[in-house]
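S.K.: Structure, please.
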Amino acid sequence: MKLSAALLLAPFVLLASAAPNPATADKVAAISEAIIASPGALAAVTGTVNANNVRYRRCASTSCEAVGQYQQGQVITIICRLQGQTINGWPWWDRLSNGYYISDYYVDWTGGVPDVC
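M.R.: Residues are numbered from 1 along each chain as shown. Here you go, the predicted structure:
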């Protein structure tokens with residue numbers, strides 16, 4: 001069990017060492033803890049947008065059409081997370097309950113850790 005947990009955590013340890021800011025490092029730590037606590041048991045969670053004028057898009061890239069934007073403090077529901085275009089050193093994007101995507105760099109999780117899509 002310890003070996004498999006170590007293998008699951010290895011990419012997050014590397015991300016944490018290269019994390020561009022403390023908020024990103026905190027997310028890496030939260031992901032690591034969630035994997036150890038309950039692998040495969042993650043569900044939709046809430047998050048709070050941490051900047052103004054953050055666009056949500058049709059796919060996990062800034063090359064996709066922006067269909068709207070959120071302001072700082074907006075509470076959103078995250079269905080899952082996936083890797084997409086890297087934004088400020090962070091490759092994760094959140095798939096929202098409305099079917100669109102937002103860069104996870106601009107979201108603070110408030111209801112747990114989103115599952116990987």
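
S.K.: Quick one: the helices in this structure, in order.
M.R.: 2-17, 22-37 (DSSP state H).

S.K.: Mean pLDDT lowest where, among these?
M.R.: Taking the average pLDDT of each of those, the minimum falls on helix 2-17, with a mean of 40.

S.K.: what does the longest strand seen in the chain contact?
M.R.: Of all segments of type strand in the chain, defined using DSSP state E, the longest is strand 75-87. Strand 75-87 has contacts (Cβ atoms under 8 Å, 6 or more residues apart in numbering) with 44-49, 59-63, 70, 91-97, 101-107, 109-110, 114-117. From N, CA and C alone the C-beta is placed, and that goes for glycine too.

S.K.: Repeat the analysis, applying 6 Å as the threshold.
M.R.: Residues from elsewhere that reach strand 75-87, judged by Cβ atoms under 6 Å, 6 or more residues apart in numbering: 44-48, 60-62, 91-97, 103-105, 114-117.

S.K.: try stretch 46-60
M.R.: The contact list for stretch 46-60, computed with Cβ under 6 Å, 6+ apart, reads 64-66, 68-72, 74-78, 82, 84, 93, 100-102, 106-111.

S.K.: Mind checking which of those are buried?
M.R.: Among the contacts of stretch 46-60, those buried by neighbour count (16 or more other Cβ atoms under 10 Å) are 64, 70, 74, 76, 78, 82, 84, 93, 100-102, 106-107, 109.
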